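In: sequence plus predicted model, see below.
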Amino acid sequence: MSPLHRRPQQWNLAPQVQCLSLQEPRFKRSLLWLHFERPMDQFRAGRTLVTEVLQQGCRRHPSRLHLVRAMEEAYGAQTALHGRRRGDVQEITLAMQWTSGRFLPAGEDLCPTVLNLGKELLEDPRRGDGGEPFVAEVVERERQNLLRRIRNLRDHRGQYAAERFRERMCAGEPCALPLTGTEEEVTALAASDLEQARSEIADRASVSAIYVGSEDPESIREFLSSWFGTRQDRQALPPPVLAEAPPQLREYFDPLEVEQAHFCFGFRFPPPADSESTEALSLANQVFGGGPSSRLFQVVREQKSLAYSIYSLIRTVKGHLIVGAGIDPASYEAVLDSVFEQAKLVAEGGFSDAELETARIHLIQDLRRIPDSASDWATFMDRERWLNLNRTPAERIRVLEQLNREQVMEAAQQWQADTAYLLSPADQKSRLECLS
Amino acid sequence: MKTVYNQQLNETVYYATSRSGVEVAIVPKPGFSTSVGSFGLGFGGNDIHFRNPQGQLVEVPYGSAHFLEHKLFEGKDKKVFDRFGELGADFNGGTGHRSTSYFFETAGRFQECLEVLLDFVQHPLITEERVAKEMGIIEQEVRMYEDMPMSRGATLLMKAFYHRHGLRISPAGTVETVRAIRAEHLQACHDAFYRPNRLKLGLAGDLDPDETMALVESYLDPAPEGGRDAQSHFPEEPESVAEKWLEEEFPISIPHVWMGWRDPRGCGPDPEAKAFRKLISSVVLELAFDESSYLHHDLYQRGVIDDNFGYYYSNDDDYGYGMLFGRSQNPEAFVEEIQQAAARFLHQDDSLERDWQRVRRGHWGMVVGGLQSPYQFAVWTMRGLLEQWDPFQIFHMLDSITPEQIRQRAREMLSPENFAVAVLRSS
């Protein structure tokens, strides 16, 4: 059987605890991702800070130094906690990776070592000498690091522009909140808040485990069952908040001393209901701004030389289509016009058959390459879970192969312009509302 | 074909040289759907003064190698974007200070992609009109780098390290140098350097080495008649650092600090010596400043460094440097702390042997994990072809490094007179 037809094993270990597993002996390094998911709410700052504190040591390895040394001893194994925003959800991921014993000098089996280390990170933290939930100095140091990261965000221009754009476009939705929390929220966190955040992640969050590697999946299942199988009170996530586009485009401008202006644009669309409309949306996006063959790239970069790069991406569950580009500030109007023109063109079928086929083959090729990488496999399985479609790569390919021009046009006809944003030197764009 | 086999990984690399002189490495990956090709050469942003194969001296503006990379993607008759696009392949190019490379990644369209890759790199069409059209795009790319504190600060440190070396300028050039580039400059670079004896090809996928080599031969041009190999001329570089401390104002919220130790000289063209110096110097920095070192632990605990702190070593025939970077409201105190830590490392001897054994295991696992997919193999073998080492040599080097060699390299490398600092201050 071609690897493209392989479907991961799925285990429901407890309510709101699911595991997807795929054994693949070709891979030299195995991975296990544990996603702990909670809503983007007022507790997100605590969750962010506690993931940093937890990585500074556990009871058995009481400092970062000890933890990192343990991972080096395990032939460069990785055990890390990190958080990200996924629509209206805050996802805290415990990511573990290790090298298969077949490729090590003495054939060591690292799997149990790494899994236990990962579990200890979350479940067995280093406590304060006086019985405090965490060591006070560690909490304070990580708090200061996090505050610095919040204050320094504007030093990373593209990331800052994307955050500011999201705040404007999605104001009032959970996804508009800063993942890290605000400076005020982080400053106000007490050690007890962090312990509450930790136990909430460990005990109440929805858990999705994704395993890809050469080890016997039964050993992974046993480990996860013993960890998660007994708790029955995990909470389901609320459905995503879906907003409608405003009647007129909203335009925002942030002034910042930059060499290059950052342009963002957002459309909204009703999230697709099934596999076919999901793929039609992917294909429409690919034609529009999905790569070097797309309309946006060809027109904005290749024909008009207005940007080094311009792209679009979709957030399917939230119903967002986002365009991003680094541009000369004076080109704002021209880029904006191009975005509108090309979106209209895709919706009206003004693209050639060759463009459609190029977009289709690109998506299919991407899918064909998935089985060659453990992280690509895991990312694919995770996305399918997130979309609640749980298809194989072959099933997605089959849907893509059968889509016609009208379905692509229909997907693009759903796109409603919402917000345009420019991060640019102050003297460049007086017409736009100045927010800062 | 010459083969290099690694028993532990059960991987083989096949080496051959084409009739025209292109060095080729092929890594068969049975059962993998993806195939990857990487075509590159030892020519990059630093090669701005050279004697061409006809013996004439040529000077081109900084940024020419990178501009040429962009122009090759325009193709002769049809855009490379369109040709690869129709095949659904991923592709890109990259220009460094000393090398340029182009790659594709495909599932099931290897032969067509290989033909496109070898065709567009060998057969450009460079006109003034095409150069003018690209100018605005590259200017935006250069501005993008200039807006990045990491890129800006690293370049500033190169200006502190070096008096005249090409490392002082980003491989993409500056807005001013890019505006000075003309079609004739790019054509001169292509004519001089994009010749079979300079080109290298790394291929990985479910490939038969003999059939693949036959295919490669059919797509490669014959070697041009006559002419010598192009020779770049690099300015004489004094052995001392150019500036002990350089600063620049930049719109950032907290000062960014780069610092490090410049090797007075490169270690010459011997590939083994270069690869060994790179590895052992990286090991020195890792043992001194990585998260698993006591010095890092102490600096982090005291709030001197944060999670932004990092280190890096780079070298080639004629240069070498170790770089550290971080952020601090007080750059002077920050630098003082790092210098003191380096001095402590040089006197901290008791745990080195044990630490090295542990760090060596970490390297082992990471290298094994990095030699997995066709993409990783193609990239790794291309680096090996350009730097003239085989992909598994690193295991031998890891096994051969002794604590005494580490001590010796640390003493040589972390010398205060080779130390320089670059600071981006908040404007």
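Out: Nice, I can see it.

In: right, and B:V367 touches B:I394 too?
Out: Yes: between B:V367 and B:I394 there is a contact at 5.7 Å, judged by CB atoms under 8 Å. Backbone N, C-alpha and C define where each C-beta goes, glycine included.

In: what's the pLDDT at the most centrally placed residue in chain B?
Out: Among the residues of chain B, B:G96 comes closest to the average C-alpha position under CA atoms, centre = their mean, at 5.6 Å. Looking at B:G96, its pLDDT reads 96.

In: now it, what are its backbone angles?
Out: Phi and psi for B:G96, reported as degrees, to the nearest 10, are phi -110, psi -170.

In: assign a three-state SS to A:R368, would you?
Out: helix (DSSP: H, G, I helix; E, B strand; the rest coil).

In: my guess is it contacts B:A107, does it?
Out: Yes: counting by CB under 8 Å, B:A107 is a contact partner of A:R368 at 3.5 Å.

In: setting aside sequence neighbours, what's the nearest residue to A:G172?
Out: Sequence neighbours aside, A:A243 is the residue nearest to A:G172 in space, at 7.4 Å (criterion: CB to CB, 6 or more residues apart in numbering or on different chains).

In: tell me which element the one you found falls in.
Out: Here A:A243, judged by DSSP states H and E, is contained in no helix and no strand.

In: also the one 3 residues further on?
Out: Under the criterion of DSSP H and E, A:P246 resides outside all helices and strands.

In: what's the local residue count around the closest residue to it other than its chain neighbours?
Out: Nearest residue to A:P246, sequence neighbours excluded (CB to CB, 6+ apart): A:D418, at 6.5 Å. Counted with other CB atoms under 10 Å in any protein chain shown, residues neighbouring A:D418 total 22.

In: how about the one 5 residues further on?
Out: The number of residues packed around A:L423, counting by other CB under 10 Å, is 27.

In: and the pLDDT for it?
Out: 96.

In: okay, residue 203: pLDDT?
Out: No chain was given, so I picked chain A. Confidence score, pLDDT, at A:D203: 94.

In: hmm, I had chain B in mind actually
Out: 98.

In: for it, what are its contacts?
Out: B:24-27, B:35-38, B:114, B:212, B:216, B:378 (CB atoms under 8 Å, 6 or more residues apart in numbering or on different chains).

In: kindly recompute the last result at 10 Å.
Out: B:14, B:24-28, B:35-39, B:110, B:114, B:117, B:209, B:212-213, B:215-216, B:374, B:377-378, B:381-382 (CB atoms under 10 Å, 6 or more residues apart in numbering or on different chains).

In: what segments of the stretch 251-400 of chain B are helices?
Out: Under the criterion DSSP state H, counting those that start in this stretch, the stretch 251-400 of chain B carries helices at the ranges B:271-289, B:294-301, B:331-347, B:352-370, B:374-387, B:393-400.

In: please disregard the earlier target; I meant the stretch 101-250 of chain A.
Out: Going by DSSP H, counting those that start in this stretch, the stretch 101-250 of chain A shows helices at A:111-123, A:136-151, A:157-169, A:183-188, A:191-203, A:217-228.

In: quick one: the longest one to chain centroid distance?
Out: Between the mean C-alpha location of helix A:136-151 and the chain-wide mean there is a distance of 24 Å, by CA atoms, centre = their mean, to the nearest Å.

In: go on, the fifth one?
Out: Offset of helix A:191-203 from its chain centre (CA atoms, centre = their mean): 23 Å.

In: now the fourth one
Out: From the chain centre to the centre of helix A:183-188 is a distance of 24 Å (CA atoms, centre = their mean).

In: touching chain B at all, that helix?
Out: No: Helix A:183-188 is not in contact with chain B by CB under 10 Å from any CB of the partner chain; minimum separation 12.3 Å.

In: only C-alpha atoms, please: export that helix in PDB.
Out: Extracted in PDB, the C-alpha atoms of helix A:183-188 (Å, rounded to 0.1, in the frame of the first residue of the first chain):
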ATOM      1  CA  GLU A 183       2.200  43.600  30.400                       C
ATOM      2  CA  GLU A 184      -0.300  44.300  33.100                       C
ATOM      3  CA  GLU A 185      -1.700  40.700  33.100                       C
ATOM      4  CA  VAL A 186       1.800  39.200  33.300                       C
ATOM      5  CA  THR A 187       2.900  41.600  36.000                       C
ATOM      6  CA  ALA A 188      -0.200  40.700  38.100                       C
END
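
In: and it, what's buried?
Out: A:185-186 (16 or more other CB atoms under 10 Å in any protein chain shown).

In: wait, A:P246 sits on A:R168?
Out: No: counting by CB atoms under 10 Å, A:P246 stays clear of A:R168, with 11.3 Å between them.

In: more neighbours: those two, which one.
Out: Taking neighbours as other CB under 10 Å, A:P246 and A:R168 compare with A:R168 leading, 21 against 13.

In: and the more buried one, how far from A:A176?
Out: Going from A:R168 to A:A176 by CB to CB, to the nearest Å gives 8 Å.

In: tell me the contacts of residue 258?
Out: You didn't pick a chain, so chain A it is. When contacts are counted by CB under 10 Å, 6+ apart, A:V258 touches A:154, A:157, A:160-161, A:326, A:329, A:423-425, A:428, B:143-144, B:146-147, B:251.

In: actually it's chain B I care about, not the one you picked
Out: Contacts of B:W258 by CB under 10 Å, 6+ apart are B:149-150, B:152-158, B:160-161, B:246, B:312, B:323-326, B:420-424.

In: can I get the buried part of those as one ChimeraX selection?
Out: The buried residues among those can be selected in ChimeraX (16+ other CB under 10 Å) with this line:
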select /B:149,150,152,153,154,155,156,157,158,160,161,246,323,324,325,326,420,421,422,423,424
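
In: in the stretch 301-436 of chain A, which spans are helices?
Out: So, for the stretch 301-436 of chain A - with DSSP H, counting those that start in this stretch - the helices run A:332-347, A:353-369, A:374-387, A:393-402, A:405-413.

In: how about B:Q393, nearest residue that isn't a chain neighbour?
Out: That would be B:A275: by CB to CB, 6+ apart, it lies 6.7 Å from B:Q393.

In: doesn't A:I92 fall inside a strand?
Out: Yes: the assignment for A:I92 is a strand, going by three-state DSSP.

In: can you classify the closest residue to chain B within the stretch 151-300 of chain A as helix, strand or coil?
Out: Nearest residue of the stretch 151-300 of chain A to chain B: A:S293, at 3.4 Å (CB to the nearest CB). Put simply, A:S293 is coil when judged by three-state DSSP.

In: OK, contacts around it?
Out: So A:S293 contacts A:286-287, A:354-355, A:358-359, A:361-362, B:79, B:81-82, B:84-86, B:88 (CB under 10 Å, 6+ apart).

In: quick check on the closest residue in space to B:V379 that isn't next to it in sequence: phi, psi?
Out: Counting by CB to CB, 6+ apart, the nearest residue to B:V379 once its immediate chain neighbours are dropped is B:S38, at 6.3 Å. B:S38 has phi and psi values of phi -130, psi 120 when expressed as degrees, to the nearest 10.

In: brilliant, that's me finished.
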